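S.K.: A predicted structure for the sequence below; I have some questions about it.
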Amino acid sequence: MTNPAKTLLFSLLLLAMATPLAAGEFDRMVIPRVKYDGGGDWYVGPTSMPNLLKQAGERLNMPVQADNVAVSISDPELFRYPMLFLTGHGQVRFKDHEINTLLIYLDNGGFLWVNDSYGIDKYIRREIRRLYPDRELVLLPTDHPIFSMMYDFKDGLPKIHEHDAKPPAAYALFDKGRMKILYTYESDIGDGLEDAGIHPNDTPEIREKAMQMALNILVYVMMQ
């Protein structure tokens, strides 16, 4: 279960963030999915982000807009969002100008969460190398704060959906002390966030693990 002290701390921090803003100016949290080229199904799991945002509103009292929003990297609206979600199966490819825009977005406080639905590993690693050729994805240790922000995962990233019988792994790209990209591999957190019944093997316990881990990620992004 979540730690009440952690919930209170996050609520106070959220209040502190909102207080200086004039009434009506505090945008509700939206996590859009990234539309990309290459043939991969960027649109898979349309209920995952709305369900995460609903729970963020209910459990953390965050002001949210629980809609399924999609944005291309070239969309001027991109810079409105503090966090992006990219998922799918298969090929992911960014155009050259999208690489430049995404780099500007990430270097100016943006965050990208990549969820491997299955089959995007070699493609997303290639695209991340194009973004940061002098940086490497690093495996997060089980004691990294992202695994204990609101809910404790002593063994690190939970296994939500079985792919190739490989252990789940969370990789991150850091630059100037800040995590800019999180890549969740062989876990498929997004799968567990979808509506009940979409994936028959996702028991309520598995879906709760996925939700808790996703809330940890969201809180980490808001607080780093």
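M.R.: Right, received. Where do you want to start? Residues are numbered from 1 along each chain as shown.
S.K.: Name the spans of the protein whose pLDDT lies under the cut-off.
M.R.: Of all residues in the chain, those with pLDDT under 70 make up the ranges 1-27.
S.K.: Flag every buried residue along the longest helix along it.
M.R.: In the chain, taking DSSP state H as the definition, the longest helix is helix 204-223. For helix 204-223, burial by neighbour count (16 or more other Cβ atoms under 10 Å) applies to 206-207, 209-222. Bear in mind the C-beta positions are built from the backbone N, C-alpha and C, glycine included.
S.K.: Repeat that for stretch 117-127.
M.R.: Buried, per 16+ other Cβ under 10 Å, within stretch 117-127: 117-118, 120-121, 123-125, 127.
S.K.: Residue 165: which of the residues you listed is nearest?
M.R.: Set against residue 165, the nearest of the buried residues of stretch 117-127 by Cβ to Cβ is residue 118 (12.7 Å).
S.K.: Name the residues linked to the closest one by a beta bridge.
M.R.: On the basis of DSSP bridges, residue 118 is bridged to residue 89.
S.K.: Now do it against residue 188, distance only.
M.R.: Per Cβ to Cβ, to the nearest Å, residue 118 is found 7 Å from residue 188.
S.K.: Could you do residue 180 as well?
M.R.: According to Cβ to Cβ, residue 180 and residue 188 sit 22 Å apart.
S.K.: quick one: which of these two has more around it?
M.R.: Remark: of residue 180 and residue 188, residue 188 carries more neighbours, 25 against 22, as counted by other Cβ atoms under 10 Å.
S.K.: In contact with that one: list those residues for me.
M.R.: 115-118, 160-161, 163 (Cβ atoms under 8 Å, 6 or more residues apart in numbering).
S.K.: Tell me how many other residues crowd residue 131.
M.R.: Residue 131: 19 surrounding residues under other Cβ under 10 Å.
S.K.: which ones are touching it?
M.R.: Neighbouring residues of residue 131 by Cβ under 8 Å, 6+ apart: 99, 102-103, 106, 181.
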